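Peer 1: have a look; sequence and predicted model below, questions after that.
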Amino acid sequence: QSNFRAALIVVSEVGPKTLFGDPSMMYSAPRWTTAISVERSVVWVISQSNFRAAQIEVSEAQPTRKSDEDANLVKESLLKNANLQRVTPLSARHIEDLTKVAWSMEFKAGQVLMQMGDLNADSLYILADGLVELQGSEPFEVVRDGNVSWLERAAHTGRELCDGSRVVTKAEVGRGIMFGEVSMSYCAPRFATVTAMEDSVVWSIDRSNFQAVQMQAAEDEVLDRVRHLESVESIKSFSKYDKEKMAAVMETMRFGKGETMAEQGESAHAMFILLKGRVEGVVGNRVEQIYEADPATDTVCRLSEESLLVTTPKRAVHTSTLRVVSDIATALVLEREEFQKVWDRLLEAAPAPTFERFTTSVTKGRDPTPDGIAMNRLSNLGLLGVGSLGLVELCRHQKTGELYAVKKMSKGLIIRKGYARSVLEERHVWVEA
């Protein structure tokens, strides 16, 4: 016998009304065949982007009908599944969109719903009715939470790597189990075979619809981060574009009950924005403050914000220990090092004003109002000079005609250079004068 394995190559000639390329377009898979024109030909082409746009329109116009019970099952499965939430946190609105595009599929007893090793992992499934058997290529655990469940896979054992054997685990599960979401999310081979033990019905969500909602969820998450940064003193003066840059370097971290987010006396290297959960601030052995965040009420807490304001690491220390007291706490984390990198890039990209000086004979005048001067009542006449922290402009009061030298300074630059105390002392001198 020959040691060479023959490859089967199918050659076929087709004519009008032949559709080809649709599987690879729909599932973003490699082309599996080569099409060559043997004579002058005309074809109609539908792009993937246009097809998906039409697909979304159709799914929105004609959603699969679901009972309230089935719709709640799909929503609960998407909300609680830890594998999905690790990829991109899904809000109630995103889950609602995914629920609308889920469609039902029926399987007879003995029929295979999902095949181990299958590369065409284009959908996730939620069992609505029936019973299925799961047979995996590696150990897994069925995690249950309320009416829903999902699979968590263990790492390969050393014995598997040494002798080449594979541990196969089995489990029979019923209504509420979700499977196929990991391989769909990462375009990975299916790790288990799922077989219907009796007539069963599943709800399915395909990758294209999931990715469309996932992309929107990622964009919404960036906007939420920017919104949280609006109230941070050292960042709120940034432009929206610059805040988006800062939001992009933030990380989402999850802490369990009893975990310590920061230790009193240690170097404060990051700011935390608590999004969900309850954290206590402990000084010594005494609880000094309780921080609580709840996404339902859009309540967040900023912790260790001062870590961004200190440029010398030795001076930035945590004044209290931050310990999680809720079952889980979720926080956005902005490392000071990443904050400084973005800050430096913004400063380097900022255009430097041309230095100009005007000779004037301005005398100090009194404030026309007891509360000071509103900037919208001043007209800019020109630039008097440029200082290390900003511009000094010559302005005229629109009502009184009095001239003022207006000094504008960047709060962020003041903090970064450590000039906050000097600026306050200068302001005090001017007030006294």
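Peer 2: In hand now; what should we look at? Numbers count the residues shown, from 1 in each chain.
Peer 1: poorly predicted segments of the stretch 151-300 of the chain, please.
Peer 2: Applying pLDDT under 70 to the stretch 151-300 of the chain picks out residues 154-168.
Peer 1: all helices of it, in order?
Peer 2: 158-163, 181-186, 207-229, 240-248 (DSSP state H, counting those that start in this stretch).
Peer 1: point out the most buried one among those.
Peer 2: Greatest average neighbour count among those goes to helix 181-186 (a mean of 19), per mean count of other CB atoms under 10 Å. All C-beta spots, glycine's among them, are computed from the backbone N, C-alpha and C.
Peer 1: for that helix, which outside residues touch it?
Peer 2: Residues outside helix 181-186 that contact it (CB atoms under 8 Å, 6 or more residues apart in numbering) are 81, 83-84, 87, 121-124, 150, 153, 188-191, 207, 210.
Peer 1: same question for stretch 102-117.
Peer 2: Contacts for stretch 102-117 (CB under 8 Å, 6+ apart): 64, 66, 74, 125-126, 128, 130, 132, 135-137, 179-180, 189-205.
Peer 1: what's around T400, how many residues?
Peer 2: Neighbourhood size, T400 [other CB atoms under 10 Å]: 12.
Peer 1: again, but for S200
Peer 2: Applying other CB under 10 Å, we find 24 residues neighbouring S200.
Peer 1: I'd assumed E133 was in contact with it.
Peer 2: No: at 10.6 Å, S200 does not count as touching E133 under the criterion of CB atoms under 8 Å.
Peer 1: that older thread, make JSON lines out of the helices of the stretch 151-300 of the chain and add distance to G21.
Peer 2: As requested, the helices of the stretch 151-300 of the chain are exported to JSON lines (distance: least, CB to CB, whole Å):
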{"stretch": "helix 158-163", "distance to G21": "40"}
{"stretch": "helix 181-186", "distance to G21": "22"}
{"stretch": "helix 207-229", "distance to G21": "15"}
{"stretch": "helix 240-248", "distance to G21": "36"}
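Peer 1: buried only: go through the contacts of stretch 102-117 for me.
Peer 2: 66, 74, 125-126, 128, 130, 132, 136-137, 179-180, 190-196, 200-205 (16 or more other CB atoms under 10 Å).
Peer 1: ok, which stretches of the stretch 151-300 of the chain are strands?
Peer 2: 169-173, 178-179, 192-196, 200-206, 251-256, 260-262, 270-283, 286-293 (DSSP state E, counting those that start in this stretch).
Peer 1: tell me which of those strands lies nearest to T321.
Peer 2: T321 lies closest to strand 270-283 among these, at 4.4 Å (CB to CB).
Peer 1: adjacent strands (with direction) for the closest one?
Peer 2: In the sheet containing strand 270-283, its partner strands are strand 286-293 (antiparallel), strand 301-303 (antiparallel), strand 321-324 (antiparallel), strand 328-335 (antiparallel), by DSSP bridges.
Peer 1: buried set for that strand?
Peer 2: So for strand 270-283, counting by 16+ other CB under 10 Å, buried means 270-282.
Peer 1: L378: which of the residues you listed is nearest?
Peer 2: Closest approach between the buried residues of strand 270-283 and L378, by CB to CB: M271, at 35.5 Å.
Peer 1: state the distance from E402 to L391.
Peer 2: As judged by CB to CB, to the nearest Å, E402 and L391 stand 20 Å apart.
Peer 1: picking up where we left off before, among the strands of the stretch 151-300 of the chain, which is nearest N380?
Peer 2: strand 270-283 (35.8 Å).
Peer 1: C-alpha coordinates for that closest one, CSV please?
Peer 2: The C-alpha trace of strand 270-283 is given here as CSV (Å, rounded to 0.1, in the frame of the first residue of the first chain):
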residue,chain,number,x,y,z
ALA,A,270,-4.4,53.6,40.8
MET,A,271,-7.8,55.2,41.1
PHE,A,272,-10.9,53.0,41.4
ILE,A,273,-14.4,53.8,40.2
LEU,A,274,-16.7,51.4,42.1
LEU,A,275,-19.5,50.4,39.7
LYS,A,276,-21.2,47.7,41.7
GLY,A,277,-20.9,46.3,45.3
ARG,A,278,-20.1,47.5,48.8
VAL,A,279,-16.6,48.3,50.1
GLU,A,280,-15.5,49.5,53.5
GLY,A,281,-12.7,51.9,54.3
VAL,A,282,-10.8,50.7,57.3
VAL,A,283,-8.3,52.8,59.3
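Peer 1: for that strand, what is the distance to the chain centroid?
Peer 2: 20 Å (CA atoms, centre = their mean, to the nearest Å).
Peer 1: now do it and strand 251-256, the angle between them.
Peer 2: Counting by axes from the mean of the first three to the mean of the last three CA atoms, to 10 degrees, strand 270-283 lies at 30 degrees to strand 251-256.
Peer 1: what angle sits between strand 270-283 and helix 207-229?
Peer 2: Interaxial angle, strand 270-283 versus helix 207-229 (the same axes, to 10 degrees): 60 degrees.
Peer 1: show me where the stretch 1-150 of the chain has strands.
Peer 2: With DSSP E, counting those that start in this stretch as the criterion, the stretch 1-150 of the chain has strands at 103-107, 112-114, 123-129, 132-136, 140-145, 148-153.
Peer 1: tell me which residues of the shortest one come out buried.
Peer 2: Spelled out, that is strand 112-114. Those buried within strand 112-114 under the rule 16+ other CB under 10 Å are 113-114.
Peer 1: so what strands line up beside that strand?
Peer 2: When sheet partners are counted by DSSP bridges, strand 112-114 sits next to strand 192-196 (antiparallel).
Peer 1: how about the strands of the stretch 301-433 of the chain, start to end?
Peer 2: With strands called from DSSP E, counting those that start in this stretch, the stretch 301-433 of the chain shows them at 301-303, 321-324, 328-335, 378-386, 391-397, 403-407.
Peer 1: switch the ones you listed over to CSV; also include mean neighbour count and distance to T18.
Peer 2: What follows is the strands of the stretch 301-433 of the chain, written out as CSV (neighbours: other CB atoms under 10 Å; distance: least, CB to CB, whole Å):
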stretch, mean neighbour count, distance to T18
strand 301-303, 20, 61
strand 321-324, 22, 61
strand 328-335, 21, 52
strand 378-386, 14, 70
strand 391-397, 17, 70
strand 403-407, 16, 74
